[in-house]
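> sequence below, structure please.
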Amino acid sequence: MPSCPRCDAPVEDNARYCAQCGAPQTEDAAEELDEYVQRQAEQVSGSGSGGFDDSGSAGGDAFPSTEELTDREQLWRRGSYVLGYGTVVVALTRVPAPESWPLILAGIAILPPIRRLTAEPLGSPLKREVMAGIYAVFALIGIALFALL
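Numbering: from 1, shown residues only. So this is what the prediction gives:
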């Protein structure tokens with residue numbers, strides 16, 4: 001009876017995979033495993049997911065990885081996270097007060113993942129300027145409520 005080259009456990013003569021460690025025992029099994037791993041990696045990375053390109057048409061990737069972003073886009077994304085989470089944290093310190101709720105909405109509205117979430121139902125992602133405008137409106141409402149109350 002042959003043994004597994006990876007774990008030295010005994011395997012059946014016609015086994016495709018080791019019952020102990022799962023290592024492929026034939027070339028066909030190794031190729032099958034490689035193809036499976038490749039498909040899983042593509043699903044996880046999102047390649048071929050058919051997002052929206054900058055024009056809003058299906059097929060491109062509207063949200064490139066961080067390595068593909070320009071310095072200005074990376075600065076915008078980082079600033080949005082800082083501003084959004086900072087606003088939410090400040091608002092959470094005032095939760096019982098009525099001005100906290102518009103501030104929480106403002107902080108959430110500026111976060112980059114919100115662009116991804118709005119892309120599918122709207123057909124294309126909201127522009128950064130629109131997100132900043134939504135943030136400004138909610139923040140001004142919250143500040144006005146703070147000043148008035």
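
> tell me which element the residue nearest the centre of the chain is part of?
Geometric centre of the chain, nearest residue: residue 113, 6.9 Å, by CA atoms, centre = their mean. Element membership of residue 113 [criterion: DSSP states H and E] is helix 112-122.

> can you pull the buried residues of that helix?
Residues 112, 114, 115, 118, 119 are the ones in helix 112-122 that count as buried (16 or more other CB atoms under 10 Å). Using the backbone N, CA and C atoms, a C-beta is placed for each residue, glycine as well.

> by contact count, what packs against the helix or strand bottoming out on mean pLDDT in the chain?
Ranked by mean pLDDT, DSSP states H and E, the weakest helix or strand in the chain is helix 112-122, scoring a mean of 80. With contacts taken as 3 or more CB pairs under 8 Å, 6 or more residues apart in numbering; DSSP states H and E, helix 112-122 sits against helix 71-92, helix 128-148.

> so the protein: which segments form each domain?
1-45, 66-148 (automatic domain parsing).

> re earlier: can you tell me which of the buried residues of helix 112-122 is nearest residue 128?
Nearest to residue 128 out of the buried residues of helix 112-122 is residue 115 (CB to CB; 7.9 Å).
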